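[1] model the following, please.
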Amino acid sequence: MSSEPSAEYDVIVIGGGPAGENAAAYAIAGSDRTAAIVERELLGGECSYWACMPSKALLRPGHLLAAALAMPGIDANGLDVEAVLAHRDRIVHNHDDSGQVDWAQQSRIEVIRGAGRLAGERLVEVGGRTLLARHAVVLATGTRARVPDVPGLSDALPWTSRDATNLHEVPRRAVLVGGGVVACESATWLATLGSEVTMLVRGKALLGNAEPFARERVASALADSGVRVLFETEPESVTRAEPKDTGEGRIHGGAVTVRTRGAYTESIEADEIVVAAGRGPATAELGLAAVGLADGYVAVDDHLSAREVPGDWLYAVGDVNHGPALTHMGKYQGRVCGDVIAARAEGRPLDAARYAATADHEQVPQVVFTSPEVASVGLTEAAARRAGYDVDTVEIDIAVAGSSLARENYSGRAKIVVDTAADILLGATFVGPEIGELLHAATIAVVGKVPLDTLWHAVPAYPTVSEIWLRLLEARRA
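    Numbers count the residues shown, from 1 in each chain. A predicted model of the protein is given here:
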């Protein structure tokens, strides 16, 4: 491979997911700088084709059906599974990224197909070529699903989240390993689409970082939908029978037998086993050693610059820097990173707030699209206390005029965590149907450090579920 650069760009991004796309676009916006994105799979990345978009396409029909069933006057007859899967296929554009490529070209970003790797300072190798970045290289390769080292598991061809979101036939029985966000969302749509689901959860609760009431409500709702949740239980061994010819021109995989250990010791037979037991950095083939880094997550500062690489030319955005593993946070980091690159290229100071990714620390918003949804931002009560804050909390049911109109027998709950010294919100959690739409108001309050006295003048419209904000403030005053 030639060491002489065959092409030069101002910015080279390795990894074409949302974080990398944003970094490239912001780095060259309003200038004559050039950028290239090196992508080994599909431009648009994990979120667009294998994670956020297909999973929400599978979840949304079930949410709408539940809402219809809870509303008098609507005759809801159930889901058409084939139509749901076809809708999912449209959402992921049948794994055709030409639309994303068109966007990149219109944004003056060149798309280079292949596996990029670092070859030295500001150098990237891809497809037998060596590229030079005049200003910056941005790593945005994300993470990959981990498969636990369980005897027989790898040989049993387990599904990861990619397989689950892109399923073409709903398994009649599924064993799901994990209890985090991906596991809970997967269990939700699999059960809604007709699968008999068993979850093996190593810990004592689902959604380990959530408020306790949120974990309990999700676990209860999954159980009510027919999901069997086995806590403090994990697979001990896995075997898969030989595939079978159905005689209809199709080959079906053999049944999977999962032997468990822990609180529940039994053998469970299923058609598929889905592993949602965490992710690891996709850096093994990235050439980190060429710039003095070990394989693994790339540590960054608030400018998204790689901490251990001198010269302010190497950046890392999204999951690969071990920040919040959320698409919207990766895009946020990409925007900050791009702005930092542009400022440094033009010799401008980095003293403005927009040049530091401060939301990564204690102001992260997230929605878990289970049924009910869990929407949260900032710190939970436990996290706030661990961080040394003196806190006050309010936790109440969501029971306002807007919720009674939303559906019959509406069930929801809300909690805020207040820094008593500053009288501002540190965090908020909402659980209920369609509750994710309440989150941005809480995010603004947390990020803006809005005093609670000021929030009294943010009047919620009537009759909306947002009126819960008034009830929360009233409960704290009482």
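[2] just give the nearest non-adjacent residue to the one residue sitting closest to the centre of the chain, would you?
    Geometric centre of the chain, nearest residue: Leu326, 3.7 Å, by CA atoms, centre = their mean. Setting aside the residues directly before and after it, Leu326 is nearest to Gln366 in space (CB to CB, 6 or more residues apart in numbering), at 5.9 Å. The C-beta positions use only the backbone N, C-alpha and C, and glycine is treated the same way.
[3] try Ala290
    Excluding the flanking residues, the one nearest Ala290 by CB to CB, 6+ apart is Leu118, at 4.7 Å.
[4] from the contact counts, what lies against the helix or strand encompassing Leu230?
    Assessed by DSSP states H and E, Leu230 sits inside strand 228-231. If contacts are counted by 3 or more CB pairs under 8 Å, 6 or more residues apart in numbering; DSSP states H and E, strand 228-231 sits against strand 196-201, helix 212-224.
[5] run the chain-centre distance for it.
    Mean C-alpha position of strand 228-231 versus that of the full chain (CA atoms, centre = their mean, to the nearest Å) differs by 23 Å.
[6] can I get the helices and strands packed on strand 228-231 in a markdown table including distance to Thr454 and mean pLDDT?
    Listed next are those as a markdown table, based on distance: least, CB to CB, whole Å; pLDDT from 0 to 100:
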| stretch | distance to Thr454 | mean pLDDT |
| --- | --- | --- |
| strand 196-201 | 41 | 98 |
| helix 212-224 | 27 | 98 |
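[7] so which of the ones you listed is the most packed in?
    Mean neighbours per residue, mean count of other CB atoms under 10 Å, is largest over the helices and strands packed on strand 228-231 for strand 196-201, with a mean of 24.
[8] just list what that strand packs against, helices and strands only.
    Contacts defined by 3+ CB pairs under 8 Å, 6+ apart place strand 196-201 against strand 173-177, helix 181-192, strand 228-231, strand 233-240.
[9] out of the ones you listed, flag the one nearest Leu314.
    helix 181-192 (29.4 Å; CB to CB).
[10] what does that closest one rub up against?
    Contacting residues not belonging to helix 181-192 are listed as 55, 58-59, 61-62, 65, 79, 161, 164, 170-171, 174, 176-177, 197, 199, 201, 206-207, 218, 222, 225-227, 274, 276-277, 366, 368-371 [CB atoms under 8 Å, 6 or more residues apart in numbering].
[11] so where's the stretch 351-478 of the chain uncertain?
    Applying pLDDT under 70 to the stretch 351-478 of the chain flags no residue at all.
[12] quick one: the helices in it, in order.
    All helices of the stretch 351-478 of the chain, identified by DSSP state H, counting those that start in this stretch, fall at 359-362, 381-386, 401-406, 439-447, 452-455, 468-477.
[13] how far does the fifth one sit from its chain's centre?
    Between the centre of helix 452-455 and the centre of its chain there are 31 Å (CA atoms, centre = their mean).
[14] list the buried ones in it?
    Within helix 452-455, the residues scored as buried using 16 or more other CB atoms under 10 Å are Leu452, Leu455.
[15] which residues sit against it?
    Val418, Asp423, Ile424, Leu425, Ala445, Trp469, Leu473, Arg476.
[16] please apply the same query to the last one.
    The set of residues external to helix 468-477 that reach it, using CB under 8 Å, 6+ apart, is 392, 394, 396, 398-400, 403, 412, 414, 416, 418, 430, 438, 441, 452, 455-456, 458, 460.
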